[in-house]
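Q: pasting the sequence and the predicted model now:
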Amino acid sequence: MGDVAVLKQHLIDPEICIRCNSCEAACPSGAITHDDNNYVVNAGACDFGMSCLPVCPTGAIDNWRLVPSSQAYSIEQQFGWTELPAELSPELLASQGVPEEMLAAPPEATSAEAGPTPASAVTTRLNAHVPPWSAAHPYVSLYGPRAREPWIEATVAGNVRVTNRGSDYDTHHVVLDFGARPFPVLEGQSIGILPPGADDKGRPHHARQYSVASARTGERSGFNNLSLTIKRVLEDHQGRPVRGVASNYMCDLEVGDKVRVTGPFGATFLMPNHPRSNIVMICTGTGSAPMRAMTEWRRRLHKSGRFEGGKLMLFFGARSPEELPYFGPLKNLPRDLLDVNLAFSRVTGQPKRYVQDVMRERAADLAPLLGSPDTAIFVCGLRGMEEGVIAALRDIAIASGLDWDALGTALRDEGRIHFETY
Ligand code: A2P
């Protein structure tokens, strides 16, 4: 048998992956894709750029298998996996014609033909892979398939609806209590929820990721609990009817019910903690969860009178006031704590407004924040808003005489701009 080429194939561990989409959004070559079941890597398109590695909150992304190039696992095979295949032994590879020297240092795959640049590439370049310098140190993956315990059981301590009306827009604030078990989280981190039961192929449901909506000291200060903001999913992005497994399970929970939780996850989307640090928060829908968490932590510090926070500016987009989670509580926050800017897109008789439109209207106040090295920017919510938000930031910076390229690089390298979109 003649020598065959070997590939160090990049794969995603379906057991650990929380389907947060960070890797797909970060991959500039479009090699990562997903179906309802798994996130997978197209071996023919992966150019080993490694942009996906630092953004993965769980480490599921960092898996590799040596395979004869002609037998690379297809994306269809990967869609069906519930776990990674075993490593092929050197003996097996050698028996298939892979020369010994290639087993020691296999060449990387050649990149596929360069296709069009995906829309998310611009975010990839801007999204920081490090936290702000003064962020607190997060604990990650204390519970999960590769941790000492596969999950931690939490008890539902509360479940209230936080949107006003409309059966098609039902968002809940769910409080989970961990009793005497450790589950430390920081604002900006997320957790995994393991819905009970199995999918239509009989496989146990994989974990779904939700951002924590409460401050580090608990939803109720001093309690070992946290909150989540969960929208009941009844249709997909194209408006076709689907019933979201985890979101419907969570929205229907009753106080006292037990829930299996993994995590915490995320080590970069974390707030700065130094005095006089500013935070610009831009979100839509349930993307408000980390913004609520950060605001609440600052509110507690502010109330203590012992912390001099900088400015907090929030840009929050929703279809209408009725569909904006936490609309009531938001209106009651003191203006000197949080500068709230709402953008409604579907209010009868009013023009459609998106977060980026309101950012432009507030350019005079945003520009000094953009120019300050003490400002961190967080964007969470609809994927579609990334482009418009970046364009608004760029235009505001340039109009105020800032060098956008230098500013973008500094924001990214100093962990001061973070995107979490879906
Ligand atoms: P739209 O009325 O055009 O859908 P959702 O309710 O689907 O979670 O969306 C939250 C808000 O984000 C809505 O007001 C929605 O407006 C808005 N939105 C949709 N696309 C964009 C975009 N490209 N940039 C900013 N906001 C957007």
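A: It's in.
Q: list the contacts for E87?
A: 65-66 (Cβ atoms under 8 Å, 6 or more residues apart in numbering). Every C-beta, even on glycine, is put in place using the N, C-alpha and C of the backbone.
Q: element containing it?
A: Assigned by DSSP states H and E, E87 belongs to no helix or strand.
Q: do you know the pLDDT at it?
A: Looking at E87, its pLDDT stands at 88.
Q: and it, how far is that from the ligand?
A: 42 Å (Cβ to the nearest ligand atom, to the nearest Å).
Q: which residues are in contact with the closest residue to A43 other than its chain neighbours?
A: Ranked by Cβ to Cβ, 6 or more residues apart in numbering and with sequence neighbours excluded, the top spatial neighbour of A43 is A72, at 4.0 Å. Neighbour list for A72: 7, 9, 43-44, 109 [criterion: Cβ under 8 Å, 6+ apart].
Q: what's the burial count for R276?
A: 12 (other Cβ atoms under 10 Å).
Q: spell out which parts of this protein neighbour the ligand.
A: 284-285, 317-319, 345-346, 354-356, 382, 384-385, 388 (Cβ under 6 Å from any ligand atom).
Q: the residue in the stretch 51-200 of the chain that the ligand sits nearest to: which element?
A: With Cβ to the nearest ligand atom, the shortest gap between the stretch 51-200 of the chain and the ligand falls at Y169, namely 7.0 Å. Under DSSP H and E, no helix or strand contains Y169.
Q: that one contacts R161, doesn't it?
A: No: using Cβ atoms under 8 Å, Y169 makes no contact with R161, being 10.2 Å away.
Q: from the residues of the chain next to the ligand, which would you call buried?
A: Listed as buried from those are 284-285, 317-319, 345, 354-356, 382, 385, 388; burial here means 16 or more other Cβ atoms under 10 Å.
Q: quote the end-to-end distance of stretch 407-422.
A: Terminal residues of stretch 407-422 are spaced 25 Å apart (Cα to Cα, to the nearest Å).
Q: likewise for stretch 125-137?
A: By Cα to Cα, one end of stretch 125-137 lies 24 Å from the other end.
Q: gap between it and the chain center?
A: Put simply, stretch 125-137 sits 14 Å off its chain's centre (Cα atoms, centre = their mean, to the nearest Å).
Q: tell me the buried residues in that stretch?
A: 126-132, 135.
Q: most widely separated two among the residues you listed?
A: L126 and A135 (18.2 Å; Cβ to Cβ).
Q: ok so, going back, narrow the residues of the chain next to the ligand to those in helices?
A: 355-356, 385, 388 (DSSP state H).
Q: paired strands for the lengthiest strand in the chain, with orientation please.
A: Assignment by DSSP state E gives strand 152-161 as the longest strand of the chain. For strand 152-161, the pairing partners within the sheet under DSSP bridges are strand 171-177 (antiparallel), strand 258-265 (antiparallel).
Q: next, format these as TSV and append mean neighbour count and mean pLDDT.
A: Listed next are the strands paired with strand 152-161 as TSV, based on neighbours: other Cβ atoms under 10 Å; pLDDT from 0 to 100:
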stretch	mean neighbour count	mean pLDDT
strand 171-177	23	96
strand 258-265	22	96
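Q: quick one, which of those strands is nearest to S89?
A: strand 258-265 (31.2 Å).
Q: roughly how far out does the closest one sit from the chain middle?
A: 16 Å.
Q: then that strand to PDB, C-alphas only?
A: Coordinates of each C-alpha in strand 258-265 appear next as PDB, following Å, rounded to 0.1, in the frame of the first residue of the first chain:
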ATOM      1  CA  LYS A 258     -35.300  20.500  40.800                       C
ATOM      2  CA  VAL A 259     -33.100  21.500  37.800                       C
ATOM      3  CA  ARG A 260     -29.800  20.000  36.600                       C
ATOM      4  CA  VAL A 261     -27.200  22.700  36.000                       C
ATOM      5  CA  THR A 262     -23.600  22.700  34.500                       C
ATOM      6  CA  GLY A 263     -21.000  25.400  34.500                       C
ATOM      7  CA  PRO A 264     -20.300  28.100  35.300                       C
ATOM      8  CA  PHE A 265     -19.000  29.100  31.900                       C
END
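Q: so that it lines up with my notes, have the first residue be 4 from now on.
A: In the new numbering, first residue 4, that becomes strand 261-268.
Q: rewinding a little: out of Y172 and R164, which sits in the more crowded spot?
A: Y172 (19 against 13).
Q: list the contacts for the more buried one?
A: With Cβ under 8 Å, 6+ apart, Y172 has these contacts: 166, 234, 322, 325-326.
Q: and the helices in the stretch 204-353 of the chain?
A: 248-254, 292-307, 330-334 (DSSP state H, counting those that start in this stretch).
Q: where does pLDDT dip in the stretch 154-303 of the chain?
A: 168-171 (pLDDT under 70).
Q: again, only using 90
A: Within the stretch 154-303 of the chain, the segments meeting pLDDT under 90 span 165-173, 202-207, 209, 225, 236-247.
Q: count of neighbours near the closest residue to E238 other than its chain neighbours?
A: In this structure, E238 finds its nearest non-sequential neighbour in P244, 5.4 Å apart by Cβ to Cβ, 6+ apart. P244: 7 surrounding residues under other Cβ under 10 Å.
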